[in-house]
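J.: I need the structure of the sequence given here:
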Amino acid sequence: VEQFSPQGLANTAWAFGTLRAEDGQLFRAIAQQAAEKMSQFKTQEIANLAWACAVFNFRDSDLLRAMSQRALAELGRFKPQEICSLTWYFATSGHCDVQLLRAIARSTVDNVAEFNPHELSNMAWNFAKLDSWEGDDAVDGMFTGIADASVSKIREFGHQDCANLAWACANVEVRPSEILFEALATQT
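T.: As a prediction, the model looks like this:
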């Protein structure tokens, strides 16, 4: 894997994740190379690698640090699905880069209209899973933005999306409007 490009590293990890073919030795080698080459990674490559690592609950502190730095530098270029994959990896690994996550929360508010129902509920779940946001204005603002956007898209929510969003709001003790809870209740 030493000769792999960032795309090759990310695609290999993604393929193994898709097949659920866990290979710890391969993932350690990919993580080492990816951390060294992270400055060359595009947002889709970061997302694919993050997703695969989350599938296997693979943790590597050097990789997480490198991903955080690169993601912060490229934050405006991430698509909603990509940022969801990245935050899912952070949530499953317990990696809480507060500066990056606050920036992601603010970016989510700015771009919340671009998120589909699954992405809205996933962002809420990912942040709630990290469970360290009490009184954080950026994250509170993100949850309010997600709640407001969810009301207008509630008919598109699946049952799992509804459950994830309700759980996330309860877990971070955010009281979105009653309108959201009424809308969620109509979907279940």
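
J.: mind checking pLDDT for Ala103?
T.: At Ala103, the model reports a pLDDT of 96.

J.: ditto for Thr188
T.: At Thr188, pLDDT is 62.

J.: change the start of the numbering to 580 and stick with it
T.: In the new count, where the first residue is 580, that last one comes out as Thr767.

J.: Spell out the secondary structure type for the closest residue in space to Leu759 that isn't next to it in sequence.
T.: Using Cβ to Cβ, 6 or more residues apart in numbering and skipping residues adjacent in sequence, the residue nearest Leu759 is Ala726, 4.7 Å away. Where you see a C-beta, it was placed from the backbone N, CA and C, and this is true even at glycine. With DSSP: H, G, I helix; E, B strand; the rest coil as the basis, the three-state label of Ala726 is helix.

J.: Ala726 touches Val751, doesn't it?
T.: No: using Cβ atoms under 8 Å, Ala726 is not in contact with Val751, being 11.4 Å away.

J.: So between the two, which is more surrounded?
T.: Remark: of Ala726 and Val751, Ala726 carries more neighbours, 24 against 21, as counted by other Cβ atoms under 10 Å.

J.: Who are the packing partners of the helix or strand hosting Cys741?
T.: For Cys741, the element it lies in under DSSP states H and E is helix 738-750. Contact here means 3 or more Cβ pairs under 8 Å, 6 or more residues apart in numbering; DSSP states H and E; on that basis helix 738-750 packs against helix 696-709, helix 716-732, helix 757-766.

J.: which ones are touching the residue nearest to the spatial centre of the chain?
T.: Centroid-nearest residue in the chain, with Cα atoms, centre = their mean: Thr666, separated by 2.3 Å. Contacts for Thr666 (Cβ atoms under 8 Å, 6 or more residues apart in numbering) come out as 680, 683, 701-702, 705-706.
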